[in-house]
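Colleague: Here's a sequence, model it:
(2 chains)
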Amino acid sequence: MWFTERAYHHVPEEEVLKRRSFFGVPNTFFDAAKGSVLLNQYLDEKIYTDELGFDGVMLNEHHGTPFCMGAVMDVEAAVLARATKRVKIVLLGNPIPTVANPLRLAEELAMIDLISGGRLVPGWVRGAGSEQLANNANPAYNREYFDEAHDLIIAAWTKPGPFRWEGKHFHYRFVNPWVLPLQKPHPQMWIPGLISPETVKWCAEHRYPYVALATMLGPTLEMWEMYTTEAARHGYQAGPENFGYLQPIFVHETEEQADALGKNFLFGGGFANFARPEWMFPPGYNSKEATRRLANLYSNPNLPGKTLIPKHLHALNDIAAVKKAVYDNYDNAKESLQIITGTPKSVIPKLRKVLEVLRPGIFSFWLDGPAPQKDRMTCLRLLGTEVMPAVREIGKELGLSDPFEVKPGSRPLPSSGMPDRVGSPDALRAI
Amino acid sequence: MAEKGFTEEKVHVGDTELQILKIGKGKPLLVFHGELGFPGLLKWHTALAEKRTLYIPLHPGYGKTPPASWIMNIRDLGNFYSRFIREQKLTPTDVIGFSLGGWLAAEMATANSAQFNKMILVGAAGLRPPSGEIMDMFTVTARSYLNSNVLNFQDTPEFASLFGGEQTPLQYEEWEEARAETARIAWQPYMFTQSMENLLANIHGLPTLLIWGKQDNVVPLSVGEGFKKHIAGAKLVTFDHCGHMPEIEKSADFIKEVESFLG
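Modeller: This is a model prediction of the structure:
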């Protein structure tokens, strides 16, 4: 599969670095003419993946940030539903706690599923903290909104209408959406995340595939274990079809060109500078447990006069130093396979390592960072024509079933009742 | 651990638990803390405690009182406290409320002003500012918000003794819990009741003192002036070179005004 944020790269990098945040960069930096070109280029890329034979394209949504222009990803999904023929359209995902009217969302998604001929894979997220601010959604009720909106959408798709909905946060006197999804009883749903334990457990309970967003391999494997244990508690054996992974990857004709492309992934500090802590963690957004973890991160009485805020942030006024600190991380990121760069020939063995460790049934290439579109298209072409066939072969060899081959949650537990491990710590140790 | 200088007790209001701090002797004075929770023992507590018993409930979700999921707005909280003071046989009582706590007292007074003898609102939220805005605590860290509460935090000794130094994990947790609870009841409209201006006319025969810092950066003085305009007979006292916390920024003057008003 293929994923990219639809970034607006015409903001000077210093504007992001000096704020330590993409979120909050004033929209006076936005040039609509440039935005128009970029959005169409991003759509063209996704249409190209369809021609190249990718299994799916993935979209996400962010608000108020040049990090991603997809503020209403259902609009893009609707375009792709009509403009593509074969790819699954995967939404990673709709931030349902920020949606004031989940019933309308159920209708939008049903329409996209119909137009695409049943190729939609919706997904749900709580939304980053900054999304709550951008949408004025009360973060203290984020988890409650999420649960209720999810239940309402499923009910709207599956329960015969008209019916009434009197929940805690949502109230409808007449739920009777006329347009319903083509896929029955409803489309598959995948849940992306940054390995929050609460979300991992929720996915396992609902038998939804969990898609880790380029997280470190070690902690990701730990979450796979947590999912597998929780799945066993709910009476099933998790398999590769329950797990997905997004892999930042930059492929070009030469190693040097690929390397130059890969460095762009760290533009502005990358995801680490998505939003400042006070915007990432608005009030009540985190569970008590998560707040406790953060409390120890942001303050420590055993270190009088010291702060645990990363050192490079102390040099905030020295943008050049901050920038250097950001790009000094590049080699580490490559070494730990957080970023993979190279020619098709050199990236395939690296991808094999990731696949052997995580054994995911869903695997997506992720390319981001400011780069000329011709380089992005070259990367896509090489991924589609040379890398993807090899990855498919590796997948077959490793028995990595996807969620369309094996229904997530359909595997019985071994007779011992003890679940088999899905990922491979041995393979991780070998890296 | 007991709060320094106070006795503590736990009561139940219906199914909801409430932790109360008490200090002093004499006629009760109900104290409503603000949006970042109870700050700790202050000079004005000690001074007032000479002649009054201060009842300081920790609002549900703040500090030692567990959250009550049914409390979703300031009206819910106000009704909860109406029941509390009735059941504790405190009604009618004198009340003093700070910031969000002032909004709470004003809300209760609009519903039933007879439940109070005298009311003091200090930098109180609750009314849409006729001019300016109430500072949004949700887009900044608790620490930055707290620093904005006083005109000059480095020149306010009581502020430094309470909040100075390295932020501890416990402080972070307590402030985050307070911010979360404030979000539950005050997310939008932020820190005011749309109909407050109209409802204030319901307050009858309730002696009311409004205390404001002239340089309040959190709840602008225009709100104090608005309360004065709409609460019959209300008196507005302002302190110059003072921000949102006159109780510590102008402690001596504050104590004098409060004692004189309460009699």
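Colleague: Against chain B, how distant is A:Lys159?
Modeller: Here the criterion is Cβ to the nearest Cβ, to the nearest Å. By it, A:Lys159 lies 26 Å from chain B. For glycine as for every other residue, the C-beta is placed from the backbone atoms N, C-alpha and C.
Colleague: ok, which stretches of chain B are helices?
Modeller: B:43-48, B:74-87, B:100-111, B:142-148, B:157-163, B:169-186, B:196-199, B:221-230, B:246-249, B:251-262 (DSSP state H).
Colleague: what about the third one, average pLDDT?
Modeller: Helix B:100-111 carries an average pLDDT of 98.
Colleague: tell me which residues in that helix are buried?
Modeller: B:100-110 (16 or more other Cβ atoms under 10 Å in any protein chain shown).
Colleague: ok, of those, which one's closest to chain A?
Modeller: B:Leu100 (13.0 Å; Cβ to the nearest Cβ).
Colleague: For stretch B:87-96, what is the spacing between the initial and final residues?
Modeller: Terminal residues of stretch B:87-96 are spaced 19 Å apart (Cα to Cα, to the nearest Å).
Colleague: Can you say which of the helices of chain B is packed in most?
Modeller: Most buried of those, by mean neighbour count (mean count of other Cβ atoms under 10 Å in any protein chain shown): helix B:100-111, with a mean of 26.
Colleague: what angle separates it from helix B:169-186?
Modeller: 30 degrees (axes from the mean of the first three to the mean of the last three Cα atoms, to 10 degrees).
Colleague: Report all helices and strands that helix B:100-111 contacts.
Modeller: strand B:27-32, helix B:74-87, strand B:93-98, strand B:116-122, helix B:169-186, helix B:196-199 (3 or more Cβ pairs under 8 Å, 6 or more residues apart in numbering or on different chains; DSSP states H and E).
Colleague: measure A:Leu246 to B:Val219 for me?
Modeller: Separation of A:Leu246 from B:Val219 (Cβ to Cβ, to the nearest Å): 45 Å.
Colleague: out of those two, which sits in the more crowded spot?
Modeller: B:Val219 (30 against 22; other Cβ atoms under 10 Å in any protein chain shown).
Colleague: ok, that one to A:Trp2 distance?
Modeller: Distance, B:Val219 to A:Trp2, using Cβ to Cβ: 51 Å.
Colleague: lowest-pLDDT helix or strand in chain B?
Modeller: Least confident helix or strand of chain B, by mean pLDDT, DSSP states H and E, is helix B:157-163 with a mean of 86.
Colleague: which bits of the stretch 51-200 of chain B sit near chain A?
Modeller: Proximity of the stretch 51-200 of chain B to chain A, by Cβ under 8 Å from any Cβ of the partner chain, involves residues B:137-141, B:144, B:166-173, B:176-177, B:179-184, B:187-188.
Colleague: tell me what the longest strand seen in chain B is packed against?
Modeller: The longest strand of chain B (DSSP state E) is strand B:16-24. Packing contacts for strand B:16-24, counted by 3+ Cβ pairs under 8 Å, 6+ apart, involve strand B:7-13, helix B:43-48, strand B:52-58.
Colleague: try 7 Å
Modeller: On a contact count with 3 or more Cβ pairs under 7 Å, 6 or more residues apart in numbering or on different chains; DSSP states H and E, strand B:16-24 meets strand B:7-13, strand B:52-58.
Colleague: ok, the spatially closest residue to A:Ala140 that is not a sequence neighbour - contacts?
Modeller: Nearest residue to A:Ala140, sequence neighbours excluded (Cβ to Cβ, 6 or more residues apart in numbering or on different chains): A:Gly284, at 2.9 Å. Contacts for A:Gly284 (Cβ atoms under 7 Å, 6 or more residues apart in numbering or on different chains) come out as A:139-140, B:180, B:183-184.
Colleague: change it to 8 Å
Modeller: A:Gly284 is in contact with A:138-142, B:179-181, B:183-184, counting by Cβ atoms under 8 Å, 6 or more residues apart in numbering or on different chains.
Colleague: Okay, now the unreliable bits of the stretch 201-350 of chain A?
Modeller: A:296-316 (pLDDT under 70).
Colleague: which stretches of it form strands?
Modeller: Assignment of strands within the stretch 201-350 of chain A using DSSP state E, counting those that start in this stretch yields the ranges A:210-212, A:243-251, A:340-342.
Colleague: Which residue, other than its chain neighbours, is closest to B:Leu199?
Modeller: B:Thr110 (3.9 Å).
Colleague: Show me where the stretch 201-350 of chain A has its helices.
Modeller: Secondary structure of the stretch 201-350 of chain A (DSSP state H, counting those that start in this stretch): helices at A:217-233, A:255-263, A:277-280, A:288-298, A:311-314, A:319-328, A:330-335, A:344-358.
Colleague: and chain B, which of the ones you listed is closest to it?
Modeller: helix A:288-298 (3.8 Å).
Colleague: ok, the closest residue to A:Asn286 other than its chain neighbours - contacts?
Modeller: Distances taken as Cβ to Cβ, 6+ apart put A:Leu294 closest to A:Asn286, at 6.8 Å, once the chain neighbours are dropped. By Cβ under 8 Å, 6+ apart, the contact set of A:Leu294 is A:281, A:286, B:172, B:176.
Colleague: Give me the distance between the residue lying closest to the third one once chain neighbours are set aside and B:Arg86.
Modeller: Just to be clear, that refers to B:Tyr172. Nearest residue to B:Tyr172 in three dimensions, chain neighbours excluded: A:Ala295, at 4.0 Å (Cβ to Cβ, 6+ apart). Distance of A:Ala295 to B:Arg86, given as Cβ to Cβ: 38 Å.
Colleague: Contacts only, for the residue nearest to B:Met135 when sequence neighbours are not counted.
Modeller: Distances taken as Cβ to Cβ, 6+ apart place B:Val218 nearest to B:Met135, at 4.6 Å, with adjacent residues excluded. By Cβ under 8 Å, 6+ apart, the contact set of B:Val218 is B:99, B:123, B:134-135, B:145, B:148-149, B:243-244.
Colleague: again, only using 7 Å
Modeller: B:Val218 neighbours (Cβ under 7 Å, 6+ apart): B:99, B:123, B:134-135, B:148-149, B:244.
Colleague: Number of residues surrounding the closest residue to B:Thr16 other than its chain neighbours?
Modeller: Leaving out its chain neighbours, the residue that sits closest to B:Thr16 by Cβ to Cβ, 6+ apart is B:Ala68, at 4.6 Å. By other Cβ under 10 Å, the residues close to B:Ala68 number 21.
Colleague: A:Arg164 now?
Modeller: A:Arg164 - counted by other Cβ under 10 Å - has 10 other residues nearby.
Colleague: Helix or strand: which one has it?
Modeller: strand A:163-166 (DSSP states H and E).
Colleague: Tell me which other helices or strands whatever helix or strand comes next after that strand touches.
Modeller: Later in the chain than strand A:163-166, the nearest helix or strand by DSSP H and E is strand A:171-175. Applying 3+ Cβ pairs under 7 Å, 6+ apart, we find strand A:171-175 packed against strand A:163-166.
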